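Undergrad: Sharing a model prediction with you, sequence too.
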Amino acid sequence: MKRVTIPHLRSSARRSGFTIIEMLIVVTILAMLAGILVPILENEARTARDAKRASDLKSVASALAHYKQMNSAYPDTSGAWQGDAANYGSMGYDAAGYIPGLVPDYLPYLPKDPDPQFPNATDGGYMYRSDGSDFKFVINATPTTYYVANPFYDPQRPLSGWQVSTPGGYNW
């Protein structure tokens, strides 16, 4: 009688997929990449928000200069602060917003902080003050960095705000 050999079942039914060790290695590598990338991406997001804030200051200053050229005075708030934060009136971004008369002829809308947590319930947000002959536009308590060499340095809010102003409004 002839002997017949049957191949071993393990070799013909070999399992495909990952072992637990392989999965742990992949998860570890992904965790290390996340640990490296998350701080970098968060820093880039802060930098982008601050760039938007700087752009907002420049565009409002330009619109205010054009407004004064056409009207012989800046939009007047009777020397009172107006803004989008609660402590400054919770004003909006349209024609009835925190800078009277600037929308829609000089800007399509008033700027709003790029961080969704602002304006907040106190004073974090955008605010404006003018007596007609001078103005100050401030981004308060939202920028990420504060330093004296910043072109938007605010001497009244050195650790909380950026500003553009006329010389007469600089120290408001």
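TA: Structure's in. What do you need?
Undergrad: any low-confidence regions in the protein?
TA: Flagging of the chain using pLDDT under 70 yields the residue ranges 1-15.
Undergrad: Please, where are all the strands along it?
TA: Per DSSP state E, the chain carries strands over the ranges 82-83, 125-130, 135-140, 161-165.
Undergrad: Mind checking the ones you listed for the one nearest to residue 172?
TA: The closest of those to residue 172 is strand 135-140. By Cβ to Cβ, the value is 4.7 Å. For glycine as for every other residue, the C-beta is placed from the backbone atoms N, C-alpha and C.
Undergrad: got the contact list for the closest one?
TA: Applying Cβ atoms under 8 Å, 6 or more residues apart in numbering, the contact partners of strand 135-140 are 53, 56-57, 60-61, 64, 74-75, 83, 85, 99, 113, 123-130, 152, 154, 157, 160-166, 169-170, 172.
Undergrad: Hmm, residue 96 and residue 82 touching each other?
TA: No - with contact defined as Cβ atoms under 8 Å, residue 82 does not reach residue 96; the gap is 10.6 Å.
Undergrad: who's more crowded, these two?
TA: residue 82 (20 against 9; other Cβ atoms under 10 Å).
Undergrad: so what's the more buried one bridging to?
TA: Beta-bridge pairing for residue 82 (DSSP bridges): residue 128.
Undergrad: Before I go, just wanted to say thanks for your time.
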